[in-house]
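A.B. asks: everything below, folded, please.
(chains A and B)
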Amino acid sequence: MSLVNLAHVCSHLQNASRARLGLTSVPSTNLHLTLLLALQNSGFLSSVTRGGITPPPMDQLSSYVPEPVTQSNIATRRLWLGLKYWNNEPVLSEMKMVSKPTKRVWMDVEGLGKIVRGRQAGEIKGLTRPGECMYVSTDKGILESRECVERRVGGMLLCRVL
Amino acid sequence: MSVSRPARCLFSHPPIPTVRPRVRCRNFHTSPNLCERRRPRFPNIKAADMGLVDKPMPPPQELFRAYSEEEKALLAKKYTPEQIRAIEAGEAAIRPEDLDRQGVVRTDAGTLPYLDDFRHYRNVVDKRPQDETPEDPNTRFMTEEELGRSFSDYFHKLDKENPPPVRKPPQAGDQQFNPTRLNLLRADYEAPSYMGTNGPLPAGQSLLAPALPKDFSLDDTPAVKKEAAQEEDDENARDQLGVYKQLRKQTGLTMDDIMKLRVKTLVINYVTNQTRLGKIQSVLVLAIAGNGNGRLGVGQAKGQEMENTLNLARIAAIRNMQPVPRYEDRTVYGEVEGKVSAVKVQLMARPPGFGLRCQHIIFEMARAAGIHDLAARVPRSRNKMNTVKAAYQALMKQRIPDEVARGLGKKLVDVRKVYYGGRV
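C.D. replies: Purely as a prediction, here's the structure:
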């Protein structure tokens, strides 16, 4: 679980949003895939597609079947992400790491409950801005913090998205 | 009473009872003496005596009384006994309490935006009423011949009523048929096409849209003109120096409107331009204006004269007023941050009754904008001018939850409004 690469993904998504790109790609790993699917589930991304160096065909993004991953092409696999914009503003405008590669942060349900209600827990600021989300890596996969509180699981805080 | 002083009133007896000015005695309790208590100089006047309080409504039984014998006698002249019985049954069916509570002008969400009792049909505002006359059971569609005759009759009638402006001279072989397009279309649409028991049924609807009322405004009538001129004079008299003259002309604000705004000068800087010929002093002024109900503007002006520059800044602020998004008309949406130069301003939403706990500049801005609960932090530089600008920027760039929800494609619900019925 490389948080260095995840940090790169975070800043890449911020940059791509500011550049008003419609489609962008990040390296394909299981961590990235589950996190980005969680983002898509929350509505920050319009699509997450597995593909290679070239983008998948835009007209059949949903029905597209990627070529199978083999030993020879695994290094070149990428995740292609559709970005969203609303009212001339990117829907995903800010994405920042909470855990850092040198300092990982874990939190239990009580702490997450505080954060979800907009209070500070430890040194982690609450989710006070409208539409702000935090993603947590748990036993049940990568979940949004509100869902974590609902399902009573804690875990490692990955990143906060606005 | 302090402990260090003796209680004179208890222990001191004046040896000689003489006429002396009254000595101020100290009491054992903190409230003032009865004779020293403040008495109002005027007797209290009740608000009801001044006519400020509405009279309590009489009970509904008195408000909606049953018909007296005389009224019944009068009704009997107009209506048959059966109708009278129906009226009485109707009267008995509705209790006066219900009539009092429900027979009022509606103010809820389903109310029409205008006052109307629906007695009269009004062309533009109302929908066209349906024809509710009984249907003819023998109605049938016309045969081809009848249809042709009906059309040609109707067309000739229209042609006679609205003749074409220029008639073409009849030519050989021409059947003298040069209709206007309107007449032709009207004849096509309005000519009767159904046959009833007593001849053709009128088609009913007209092709033409109902005419718009022509005199919408009363602006041109002499009385209104005179009144407007009078108002203009009054306004000019109130603004004798002509400070707001241009503003009034451009925005249509009256002096009343302008005076009601909360205008405040927040920053005054004396600045100097060093030129070849020497220093040129001027004043830089930043003012804000708000209506105390969700509009706020910031105005900046620079000039040599203090008074003039202050006025210019205020006027610029009034002109720049823009709506500020407010949550429940009292605070901001979540946490917002504005940054101008090295000044960062964080504004944070707070619960009702919290008040404006922030520095004086942001306090004034919030008050002018009509924000009542707010916390703010200015963590870095505190340059006044940039604080105003950063706070304005923060107020203006709030993320509205509805917009966020539309962007995410999610349903967001305000818990305060849903679970507690807005009664929090």
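A.B. asks: and B:Ala375, what element?
C.D. replies: strand B:374-377 (DSSP states H and E).
A.B. asks: pull out the buried positions in that strand.
C.D. replies: B:374-376 (16 or more other CB atoms under 10 Å in any protein chain shown). In this view, the C-beta of every residue, glycine as well, is placed from N, C-alpha and C.
A.B. asks: can you list the domain ranges for chain A.
C.D. replies: A:3-90, A:98-161 (automatic domain parsing).
A.B. asks: winner for burial among those domains?
C.D. replies: Mean neighbour count (mean count of other CB atoms under 10 Å in any protein chain shown) peaks for domain A:98-161 among the domains of chain A, with a mean of 18.
A.B. asks: I'd like the buried residues of strand B:374-377 as a markdown table, with distance to B:Tyr333 appended.
C.D. replies: A markdown table is the format used below for the buried residues of strand B:374-377 (distance: CB to CB, whole Å):
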| residue | distance to B:Tyr333 |
| --- | --- |
| B:Leu374 | 12 |
| B:Ala375 | 14 |
| B:Ala376 | 14 |
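A.B. asks: of those, which is the nearest to chain A?
C.D. replies: Using CB to the nearest CB, B:Ala375 comes nearest to chain A of the buried residues of strand B:374-377, at 11.2 Å.
A.B. asks: show the model's pLDDT score for the residue nearest to that closest one when sequence neighbours are not counted.
C.D. replies: Excluding its sequence neighbours, the residue lying closest to B:Ala375 (CB to CB, 6 or more residues apart in numbering or on different chains) is B:Met348, at 4.5 Å. Looking at B:Met348, its pLDDT is 97.
A.B. asks: returning to what we had before: so is the next helix-or-strand element following the strand holding B:Ala375 next to chain A?
C.D. replies: Sequence order places helix B:384-396 as the next helix or strand after strand B:374-377, per DSSP H and E. No: shown here: helix B:384-396 not in contact with chain A (CB under 8 Å from any CB of the partner chain), separated by at least 11.9 Å.
A.B. asks: where do the strands sit along the chain?
C.D. replies: In the absence of a named chain, chain A is used. Secondary structure of chain A (DSSP state E): strands at A:23-27, A:45-51, A:78-83, A:85-86, A:89-90, A:95-97, A:106-107, A:133-138, A:141-144, A:155-161.
A.B. asks: wait, chain B
C.D. replies: Going by DSSP E, chain B shows strands at B:140-141, B:194-196, B:199-201, B:262-275, B:278-290, B:295-303, B:322-323, B:335-340, B:343-349, B:356-357, B:374-377.
A.B. asks: distance between the second one and the chain's centre?
C.D. replies: Taking the mean of its C-alpha atoms, strand B:194-196 sits 53 Å from the chain's own mean (CA atoms, centre = their mean, to the nearest Å).
A.B. asks: what's around B:Met255, how many residues?
C.D. replies: Applying other CB atoms under 10 Å in any protein chain shown, we find 16 residues neighbouring B:Met255.
A.B. asks: which one is it nearest to, not counting chain neighbours?
C.D. replies: B:Arg238 (4.6 Å).
A.B. asks: what does chain A put close to chain B?
C.D. replies: A:42-44, A:84, A:86-87, A:89, A:91, A:128-132.
A.B. asks: can you count the residues close to B:Asp136?
C.D. replies: The burial count for B:Asp136: 13, using other CB under 10 Å.
A.B. asks: picking up where we left off before, so which of the domains of chain A comes closest to B:Leu184?
C.D. replies: Taking CB to CB, domain A:3-90 is the member of those nearest to B:Leu184, at 49.5 Å.
A.B. asks: before we move on, back to that, who is the residue nearest to B:Ala375 paired with across the strands?
C.D. replies: B:Glu335, B:Ala375 (DSSP bridges).
A.B. asks: now do the contacts for the nearest residue to A:Gln40 once chain neighbours are set aside.
C.D. replies: Using CB to CB, 6+ apart and skipping residues adjacent in sequence, the residue nearest A:Gln40 is A:Val48, 5.1 Å away. For A:Val48, the contacting residues are A:33, A:36-37, A:39-40, A:79-82, by CB atoms under 8 Å, 6 or more residues apart in numbering or on different chains.
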